[in-house]
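A.B. asks: have a look at this prediction, sequence included:
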Amino acid sequence: VRADGPGPAPGVHGCGQQSNRGHKRGRAAQRPRTESESTDARVGGLLESAAGEMLVVGPDGTSGMVNRHAENLFGHDRAALIGASVEILIPGAYHADHRAHMEAYFEHPETRPMGRNMALTGKTRDGREFPVEISLGPMTTESGNLVLAAVRDATAKHHANAETLAAKDKAATRSEEHTS
């Protein structure tokens, strides 16, 4: 399983598929995987099996891996996301701030929510903007530091909060009317 589409992850040589006759086929029969390739395949498998939207991003701001949930949420094919700047998933007005925050994160990586005390906004392929919640986690690999970003569509939560506030306002207005 790979995180950017069917077949083995980039650089992974084989997935041990069996033909209908029980013989190994593909590149796995030609040479064994390196430790790095096995790690890439495991990470890709974990991302793909995650229940939520997941991206692995490098310090240059490009997506290295994404799962199918991220594809569905943002409306982009994996091919369009892999190697692309994550800023295609962010409204343009936030690009400069995002770059600065990302650079600061890579200087001091830690597992934490992204944008503490900030409203975060995602952008779909068709330009629709929606509220998101993002959790970040650093990953150290042989090729350098990466960040694992777990993204969640917060639209339902925002609507529920707005309804709660409206109900409180309505109750406060009624209370003021009865005391006047």
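C.D. replies: Structure's in. What do you need?

A.B. asks: mind checking pLDDT for residue 68?
C.D. replies: We have a pLDDT of 96 for residue 68.

A.B. asks: excluding its backbone neighbours, what's nearest it?
C.D. replies: Excluding the flanking residues, the one nearest residue 68 by C-beta to C-beta, 6 or more residues apart in numbering is residue 48, at 6.7 Å. (C-beta placed from N, C-alpha, C; glycine too.)

A.B. asks: need the single longest strand in this structure, by residues.
C.D. replies: Looking across the chain with DSSP state E, the single longest strand is strand 129-141.

A.B. asks: residues making contact with that one?
C.D. replies: Residues lying outside strand 129-141 but in contact with it, judged by C-beta atoms under 8 Å, 6 or more residues apart in numbering, are 39, 56, 91, 105, 109-115, 119-124, 145-155, 157-158.

A.B. asks: in that strand, what counts as buried?
C.D. replies: 131, 132, 133, 134, 136 (16 or more other C-beta atoms under 10 Å).

A.B. asks: from the middle of its chain, how far away would that strand be?
C.D. replies: Centroid separation for strand 129-141 versus its chain: 6 Å, with C-alpha atoms, centre = their mean, to the nearest Å.

A.B. asks: immediately after that strand, which helix or strand?
C.D. replies: Remark: after strand 129-141, the chain's next helix or strand is strand 144-153, criterion DSSP states H and E.

A.B. asks: which helices and strands sit right next to that next one?
C.D. replies: Where contact means 3 or more C-beta pairs under 8 Å, 6 or more residues apart in numbering; DSSP states H and E, strand 144-153 is packed against strand 53-57, helix 68-74, helix 95-107, strand 129-141.
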